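Colleague: I would like to see how this sequence folds:
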Amino acid sequence: MEDFSLEQRFTNLRDILRRLRSPEGCLWDRQQTKGDIGRYLLDESYEVLDAIASGSPAALREELGDLLFQILFLAQIAEEDGEFGIDEVLDEIGAKMIRRHPHVFGDREVKSVADIKANWEEIKRTEEKKYEKHSSLLDKVPRSMPALMRAQKISALAAKVGFDWPNAEEVLAKIEEEFSELKAAIQSGQQRHIEEETGDLFFSLVNLCRFFPMDAEQTLARTILKFSSRFFYIEEKLKERGTSPAEATLEEMDRLWNEAKLKLKE
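Modeller: Take a look at the predicted model:
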């Protein structure tokens, strides 16, 4: 396919998908629904993020292909249901990008990135009014979004209209307050109360992220990666000794953990 144009390559992939969905195609592919593909789409999105973090162009290329295939799959199901086709998806996103970049495709003048962002939000609000998509400001954030990411987006939207702490010190005070309430809930022994206060503490920590600023999801992801790397070190060292974490003592694993902290910093 080296001599194929971009259009031919795209059409070829669409034709492969249509063949898979045809009566002569694959039974598994024919049975897939929008809900099924939606779950795979989420999985593939995370794999794209992993590929970005890995720094491997080959991994990113492969995962972007997998993600593109899921998008095409959803559009194919919609076309079969008489709703829309991939051509309409492409037309709509193309028109939207032109509409939201009047400083490139129109005559609007901008002096900074802040101006560009302000234009984008202004145009987006106009579009949302036209289609009446949202009844609440917070409805803009998809409910299916991961909770940590959704918490940061929701708190940022509330902050935009002035519902926010004046500074990071106030957020820290709120975190201390929520931590005290969590300790009291634990002492009460009421599971529902413990869960509620734990959620409040999480939400306050997410708000703290906005003030520095940092992405809460990515911040936690880096910590998880750090933990995973250190735990892998423990596993490998124990394997060298002919044992495993399940067989090792906590003291032994703690020693290796501290060793990993020093070694993996190098």
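Colleague: any stretches of the stretch 151-266 of the chain with poor pLDDT?
Modeller: 266 (pLDDT under 70).
Colleague: redo that, cut-off 80
Modeller: Along the stretch 151-266 of the chain, the parts satisfying pLDDT under 80 run over 265-266.
Colleague: what about the helices in it?
Modeller: Ranges of helices in the stretch 151-266 of the chain, per DSSP state H, counting those that start in this stretch, are 168-188, 191-210, 216-240, 250-263.
Colleague: now do the third one against helix 250-263, angle only.
Modeller: If I follow you right, that is helix 216-240. Angle, helix 216-240 to helix 250-263, by axes from the mean of the first three to the mean of the last three C-alpha atoms, to 10 degrees: 120 degrees.
Colleague: circling back to that earlier point, need the helices of the stretch 151-266 of the chain in CSV with distance to residue 46, can you?
Modeller: Using the backbone N, CA and C atoms, a C-beta is placed for each residue, glycine as well. Converted to CSV, the helices of the stretch 151-266 of the chain look like this (distance: least, C-beta to C-beta, whole Å):
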stretch, distance to residue 46
helix 168-188, 28
helix 191-210, 19
helix 216-240, 10
helix 250-263, 25
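Colleague: tabulate those (CSV), appending mean neighbour count.
Modeller: Shown next, in CSV, are these (neighbours: other C-beta atoms under 10 Å):
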stretch, mean neighbour count
helix 168-188, 14
helix 191-210, 17
helix 216-240, 14
helix 250-263, 13
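Colleague: wait, residue 211 touches residue 171, no?
Modeller: Yes. Shown here, residue 211 and residue 171 form a contact pair, counting by C-beta atoms under 8 Å, at 6.2 Å.
Colleague: overlap in contacts of these two?
Modeller: Contact criterion C-beta atoms under 8 Å, 6 or more residues apart in numbering; residues shared by residue 211 and residue 171: residue 165.
Colleague: got the end-to-end distance for stretch 156-164?
Modeller: Distance between the two ends of stretch 156-164: 9 Å, counting by C-alpha to C-alpha, to the nearest Å.
Colleague: can you list contacts of it?
Modeller: Applying C-beta under 8 Å, 6+ apart, the set of residues contacting stretch 156-164 is 137, 138, 140, 141, 155, 210.
Colleague: for the fifth one, what are its contacts?
Modeller: Spelled out, that is residue 155. By C-beta under 8 Å, 6+ apart, residue 155 lies in contact with 164, 203, 206, 207, 210.
Colleague: distance of it from residue 60?
Modeller: 30 Å (C-beta to C-beta, to the nearest Å).
Colleague: what's the burial count for residue 28?
Modeller: By other C-beta atoms under 10 Å, 9 other residues sit near residue 28.
Colleague: quick check: which element contains it?
Modeller: Using DSSP states H and E, residue 28 sits within helix 27-31.
Colleague: give the rounded mean pLDDT of that helix.
Modeller: Averaging pLDDT along helix 27-31 gives 97.
Colleague: after it, which helix or strand is next? Please name it.
Modeller: According to DSSP H and E, the helix or strand after helix 27-31 is helix 34-54.
Colleague: that following helix to helix 216-240, inter-axis angle?
Modeller: Going by the same axes, to 10 degrees, helix 34-54 makes 70 degrees with helix 216-240.
Colleague: any buried residues in the helix or strand just after helix 34-54, and which?
Modeller: The first helix or strand that comes after helix 34-54 along the chain, using DSSP H and E, is helix 57-80. Across helix 57-80, burial judged by 16 or more other C-beta atoms under 10 Å covers 59-60, 63, 66-67, 69-70, 72-79.
Colleague: can you tell me which of those is nearest residue 22?
Modeller: Comparing the buried residues of helix 57-80 against residue 22 with C-beta to C-beta picks out residue 76 as the nearest, at 10.7 Å.
Colleague: that closest one contacts residue 20, correct?
Modeller: No. Using C-beta under 8 Å, residue 76 is not in contact with residue 20; the gap is 9.0 Å.
Colleague: okay, and the common contacts of those two?
Modeller: Common contacts of residue 76 and residue 20 (C-beta under 8 Å, 6+ apart): none found.
Colleague: okay, now the unreliable bits of the stretch 1-150 of the chain?
Modeller: The model of the stretch 1-150 of the chain has pLDDT under 80 over residues 1-3, 128-135.
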